[in-house]
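*Asks:* below: sequence and its predicted model.
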Amino acid sequence: MSEREEPALSISESASLERGYRRLLAWYPKWFRLQNEDEVLAVLMACAQEGQTRPSLEAAADLLKGAARMRLRPMPGQPRTVFAAVWLMIAAAAAELGIMVTLLATESGIKAEVITRYPAYAHAIGHALTVQVIVDEIAGPIVIAMWLWMAWMSSRGKQRGRVALAVFFGLTSLSVLYALSDGSLVYAPAAMSVGLGLWAIAAAAIMLIFNKASSPYFQRREPALA
Amino acid sequence: MQEATFLILTALASGAQHGYGIISDVADISGGRVKLLAGTLYTALERLRADGLIGVDREEIVGNRLRRYYRLTPDGEKRLAAEASRLHSHATAALRRLNLNLAGGAA
């Protein structure tokens, strides 16, 4: 086996290259960095070319790809059920973001349409729509932040994450029931199906996170990093 | 099993090695054809560790840098042996058929 010392880099070259690699390694999940960062850095530095001051494009792309793949895997000690639930919650946050963007993008179109159809009520309806969109603009980011927070807490095995998810699921269920009982007069079919879709995601996340396989993960005090 | 994974396990088959050692050994084994990059190497090592095919042998500090040596676990040896014999039988079959065809073409 070939043993090789680090190539001859001046102190400033070596420091600059190391900074570049550390910036790339920052994209890896924390548990991976705690466990491997120094070691990967040692290998990267050993592979350096003479006079190299920044990571090559190829090495950078390879590290970023590695970081992405590492984030798509469960953390060591994390049950697959928890990992799947976390990704469902992130998907829900993305869906909420999509809904918010759609609402904002279509607002003026809907307003124009309503005004041409019901010119007599133009002012009142236009005003109501604006109020609705403003409410959605405020509620949207809060709900997105909620989903991301629950995903983050759950992925780290924090009990608060799953309690919040249960409460959130209860509220979502109530609002879906309310919408269903109130009838299709109030809610457009598209809005209904989006609401039901989100409820289904929350239901699946609940089932995964309160699964027998997930429970031990939430009963430890500190998530294992090794 | 991916080629990189197979070559990493092969590099560890003769004894514990550290990251840079694996990279240069894999280059040797493959006749310089496979150049592992650090990101690929550690993605593979992490998966192999999670699957219990490799383990950490020891850690050393050399010139201020951490060196972690990896070794095959008994499971890893079994998997590598199974994969090697699978590839071997495929390769043998391919060569045998090619030879037969060549002989047939010449006749």
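*Replies:* That came in fine, so what should we check first?
*Asks:* centroid residue for chain A?
*Replies:* For chain A, the residue nearest the mean C-alpha position is A:Ile90 (3.9 Å; CA atoms, centre = their mean).
*Asks:* the residue nearest to it when sequence neighbours are not counted: which element?
*Replies:* Nearest residue to A:Ile90 in three dimensions, chain neighbours excluded: A:Ala151, at 5.2 Å (CB to CB, 6 or more residues apart in numbering or on different chains). Just so you know, the C-beta spots here come from the backbone N, C-alpha and C atoms, and that holds for glycine as well. Assessed by DSSP states H and E, A:Ala151 sits inside helix A:122-155.
*Asks:* re the thing from before, what helix or strand does the residue nearest to the centre of chain A sit in?
*Replies:* According to DSSP H and E, A:Ile90 maps onto helix A:80-117.
*Asks:* separation between the residue in chain A sticking out farthest from the centre and chain B?
*Replies:* Here the centre of chain A is the reference, and by CA atoms, centre = their mean the most remote residue is A:Ala120, at 44.5 Å. Separation of A:Ala120 from chain B (CB to the nearest CB, to the nearest Å): 64 Å.
*Asks:* in a helix, that residue, correct?
*Replies:* Yes. Looking at A:Ala120 with DSSP: H, G, I helix; E, B strand; the rest coil, it is inside a helix.
*Asks:* got a list of what the residue in chain A that chain B sits nearest to touches?
*Replies:* For chain A, the residue closest to chain B is A:Gly66, as judged by CB to the nearest CB, at 3.2 Å. Going by CB atoms under 8 Å, 6 or more residues apart in numbering or on different chains, A:Gly66 touches A:28, B:38-40, B:42-43.
*Asks:* for the helix or strand hosting B:His88, give the mean pLDDT please.
*Replies:* Per DSSP H and E, B:His88 falls inside helix B:74-106. Here helix B:74-106 scores 86 as its mean pLDDT.
*Asks:* one more: stretch A:31-44?
*Replies:* pLDDT averaged over stretch A:31-44 gives 90.
*Asks:* which SSE is the residue of chain B found nearest chain A in?
*Replies:* For chain B and chain A, the shortest gap (CB to the nearest CB) falls at B:Gly39, measuring 3.2 Å. For B:Gly39, the host element (DSSP H and E) is helix B:38-50.
*Asks:* and that helix, what's buried?
*Replies:* Residues B:38-49 are the ones in helix B:38-50 that count as buried (16 or more other CB atoms under 10 Å in any protein chain shown).
*Asks:* what's the distance between the nearest residue to B:Gly55 once chain neighbours are set aside and B:Ala11?
*Replies:* Counting by CB to CB, 6+ apart, B:Gly55 lies nearest to B:Thr73, which is 5.2 Å off, once chain neighbours are set aside. To B:Ala11, B:Thr73 is 15 Å away according to CB to CB, to the nearest Å.
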